[in-house]
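*Asks:* The following comprises the amino acid sequence and a computationally predicted model.
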Amino acid sequence: MSGLFGPVPASQLSQSALGRRSFLRYAGLAGAAAGAAGVLAACGKSSSGSGGNGTVADGSKYGTVAVQLSWLKNIEFAGEYFADSKGYYKAAGFGSVNLVAGGAASTSVEAGLGTGKIWIGMSAPQTTAPAVLEGLAAKIVGTTYQKNPFCIVSSAAKPIKTPQDMKGRKIGVQDTNQLIFNALLTANGLTPNDVKIVPAQFDPSPLANGEVDGWVSYVTNEPITLSAKGFNNTNFLFADYGLPLVAETLTVSQNTIDKERDKLKAFLIAEIKGWKDAVADPAESARLAVDVYGKDQRLDKDEQTKEATAQNGIVASPDTKTNGLLTMTDALIADNIAALAKAKITIKAEQLFDLSVLREVYTEHPELKG
């Protein structure tokens, strides 16, 4: 693919434009997961060796686990890179942690849990909820992003600062993001007829070229890459206008919560330590993404550093400073349930979220909050 900025490698396509960031109902995948109930029962064992308190073949307490990332190995998973490279996973009792890259061509986290190919994965409420409603026994046990990074980016010369500012304007919307965009309209008393929706692909060149006035994107991605190319821009977050969804949620099977609680706690401890390091050091986060874990993605270190800094603004919040990273307050959970309803996904909080394991971690290790 090429555009205003020349050829665009797959690793640098607009992340918000791709399927895992959409409100697509994973009906087929979830149905397959529901049909694989027998596999679910063996999920922990098949993906991690032993879930007991003894040792496994590699001499560790918990063996190897497969962790599916929600996307390609870029800055989004800086916390996992720190947890792996600094030995936090091993210290927690894991022989190794296999970070499995996601992407447009990969299966969903929900499908991976349903077949037992992964032990835990990074997903989002709008993708996990439909799978749960279709019968997948899984729950969200924590979240990296306190706010979903979806935003509308526009030219600073002709800014779109609020949903109301979109009236009569041309907005580039990727097909896979049409549902979440419509949910934004609904949450703000607008309809598709109030804006001029322009079908879009991944390359934001149409915005830079003036073909559209606004662009559905991730606040941690296109605004930064556009600025790097000399296109001054502004944006507003969907989360600030009626869609306060979280993102990069840690999702596991119910079997893991019920039968491997100590193992899950150990993993969460390593995750917290890794993300504390990532928040504290954006430059090292970028180095790990560019030079080590995402080396084959041809990432730009300067852009990844800027994205890491922007990412920190949605990883850490006043609530996480009080309660700890990865946590969700009851109010935030309620807000997510309400936001899902605006996208016509009706589910109860107790069906989708279980923060009890993470709360136990912080009760037992209050030092992790600091």
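*Replies:* Received the coordinates, thanks.
*Asks:* Where does the prediction get shaky in this structure?
*Replies:* 1-55, 104 (pLDDT under 70).
*Asks:* Please enumerate the strands of it.
*Replies:* With strands called from DSSP state E, the chain shows them at 2-3, 6-7, 63-68, 94-100, 120-123, 138-145, 150-155, 170-174, 196-200, 214-218, 233-237, 247-253.
*Asks:* could these be laid out in a markdown table, adding distance to V290?
*Replies:* The C-beta positions use only the backbone N, C-alpha and C, and glycine is treated the same way. Listed next are these as a markdown table, based on distance: least, CB to CB, whole Å:
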| stretch | distance to V290 |
| --- | --- |
| strand 2-3 | 23 |
| strand 6-7 | 19 |
| strand 63-68 | 20 |
| strand 94-100 | 16 |
| strand 120-123 | 20 |
| strand 138-145 | 20 |
| strand 150-155 | 23 |
| strand 170-174 | 26 |
| strand 196-200 | 27 |
| strand 214-218 | 18 |
| strand 233-237 | 24 |
| strand 247-253 | 19 |
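*Asks:* Which residue, neighbours along the chain excluded, lies closest to the residue most central in space within the chain?
*Replies:* Note on the chain: the residue nearest the mean C-alpha position is E248, at 2.3 Å, using CA atoms, centre = their mean. Using CB to CB, 6 or more residues apart in numbering and skipping residues adjacent in sequence, the residue nearest E248 is T144, 3.7 Å away.
*Asks:* check contacts around the one you found.
*Replies:* With contact set as CB atoms under 8 Å, 6 or more residues apart in numbering, T144 has these partners: G79, M122, A247, E248, T249, L250, W275, V315, L325, L326.
*Asks:* excluding its backbone neighbours, what's nearest the second one?
*Replies:* Across the structure, with CB to CB, 6+ apart as the measure, the residue nearest M122 apart from its sequence neighbours is S70 (4.2 Å).
*Asks:* ok, the one you found - how many residues close by?
*Replies:* S70 is flanked by 25 other residues according to other CB atoms under 10 Å.
*Asks:* need the contact list for it.
*Replies:* Each residue near S70 by CB under 8 Å, 6+ apart is listed here: R20, E76, G102, V109, G121, M122, S123, A124, E248.
*Asks:* Return the member of these nearest to F238.
*Replies:* Among those, A124 lies closest to F238 (CB to CB), at 12.5 Å.
*Asks:* Starting from K147, give me the distance back to the nearest residue to that closest one once chain neighbours are set aside.
*Replies:* Leaving aside its sequence neighbours, A124 sits nearest to A247 (CB to CB, 6+ apart; 5.1 Å). Counting by CB to CB, to the nearest Å, the gap from A247 to K147 is 8 Å.
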